[in-house]
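Enquirer: Fold the following, please.
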Amino acid sequence: MASVLAELSSPGVALALPNGTYQGNAFATNSNIKVGLIGVALGNTAFIPCPCTGTNGDTLSSSVNSLTAGVGGNILNGATAISTVHTAETTTAKIVRNSSTIQALNLLNGLITADALMAVANTTATDSAVISDADGSTFANLKIAGVPVAVNVAPNTCPCRKLNPDISVM
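Expert: A predicted model of the protein is given here:
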């Protein structure tokens, strides 16, 4: 590793940004439901696309002041939603961070609630690798059927198993 770092920092070795454009978008909600011949769609709310030329270090955003679906909000109810896209460049990497946050989330007439839910997608591209993660994604006071869900729940875990051990994770 030390020899690689020495070569990368040696004079005369030029590292270049990867070629290409930025892509991606952020949105708070999206849903498609089909039962028999009946279909319902909830489009992208607080949608913001990432410009192919990037944001030049700026953070672009889109927001809505309330979310409601179903009669009286019995399917979905939320106070606010904001989505952001941000790009940056270093001398060796292009970086994209897209996020979306919903405040005061209530799904399925209170079956699922959260004070806040934040989803984040981070991608860093160099001339030799593309790395993505969800660092920064979190929720506050998430409850499923009244049962609190820990913020550090392990991937592919179904906290609903406390209520019904026969529930499977897809």
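Enquirer: Tell me, how many residues neighbour Asn19?
Expert: Asn19 has 8 neighbours, counted by other CB atoms under 10 Å. All C-beta spots, glycine's among them, are computed from the backbone N, C-alpha and C.
Enquirer: Any buried residues in stretch 49-67, and which?
Expert: Pro49, Cys50, Gly54, Thr55, Leu60, Ser62, Val64, Leu67 (16 or more other CB atoms under 10 Å).
Enquirer: From start to finish, how long is that stretch in a straight line?
Expert: End-to-end distance of stretch 49-67: 20 Å, with CA to CA, to the nearest Å as the criterion.
Enquirer: same thing with stretch 20-27?
Expert: Stretch 20-27 has an end-to-end distance of 23 Å (CA to CA).
Enquirer: quick revisit: got CSV for the buried residues of stretch 49-67, with distance to Leu111 too?
Expert: Shown next, in CSV, are these (distance: CB to CB, whole Å):
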residue, distance to Leu111
Pro49, 32
Cys50, 33
Gly54, 40
Thr55, 37
Leu60, 34
Ser62, 28
Val64, 22
Leu67, 16
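Enquirer: closest to Thr29 among these?
Expert: Set against Thr29, the nearest of the buried residues of stretch 49-67 by CB to CB is Leu67 (6.4 Å).
Enquirer: Relative to Ile144, how far out is the closest one?
Expert: Distance of Leu67 to Ile144, computed by CB to CB, to the nearest Å: 19 Å.
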